[in-house]
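Chemist: My questions concern the predicted model and sequence given below.
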Amino acid sequence: MPVTLKCLKPKDTDFEPKTLGEHVRRRRLELRLSQRQAAHRLRVNPWTVLNWEKGHTEPPIEAVPAIVRFLGYDPFPGSEKPWR
């Protein structure tokens, strides 16, 4: 009797992020974190991470230092910051 195994397909992290929320999403997927786990690290609500990633809201300026620490890099070095 054949056996079929099912599992979740890994999300694609091979995309070029254009927004701060997309940077958060790519890093979260690279680290294999849930939105809840990423939210805990960023000290925000999981719905906040969801809204950033979907482009419904932009992170407030107060959240940018935590996001840069989470990413491990400045997503927009040497340019006008899009979150201003």
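Modeler: Great, that's in hand. Given the structure is predicted, the values throughout are model-derived calculations rather than measurements.

Chemist: list the contacts for Phe70?
Modeler: Shown in contact with Phe70 (C-beta atoms under 8 Å, 6 or more residues apart in numbering): Val24, Arg27, Ala38, Arg41, Leu42. In short, each C-beta sits where N, CA and C put it, glycine included.

Chemist: for the record, mean pLDDT for the helix or strand harbouring it?
Modeler: Taking DSSP states H and E as the criterion, Phe70 maps to helix 64-71. Across helix 64-71, pLDDT averages out at 96.

Chemist: Count residues in the vicinity of Pro46, would you?
Modeler: 15 (other C-beta atoms under 10 Å).

Chemist: buried stuff in the lengthiest helix in the chain?
Modeler: What stands out as the longest helix in the chain, according to DSSP state H, is helix 20-30. Using 16 or more other C-beta atoms under 10 Å as the test for burial, helix 20-30 gives Leu20, Gly21, Glu22, His23, Val24, Arg25, Arg26, Arg27, Arg28, Leu29.

Chemist: Distance check, the fifth one against Ser34.
Modeler: In this case it means Val24. 13 Å (C-beta to C-beta, to the nearest Å).

Chemist: Report pLDDT for Pro2.
Modeler: In this model, Pro2 carries a pLDDT of 87.

Chemist: Over to Pro10?
Modeler: In this model, Pro10 carries a pLDDT of 60.

Chemist: ditto for the one 4 residues further on
Modeler: Model confidence at Asp14, expressed as pLDDT, equals 73.
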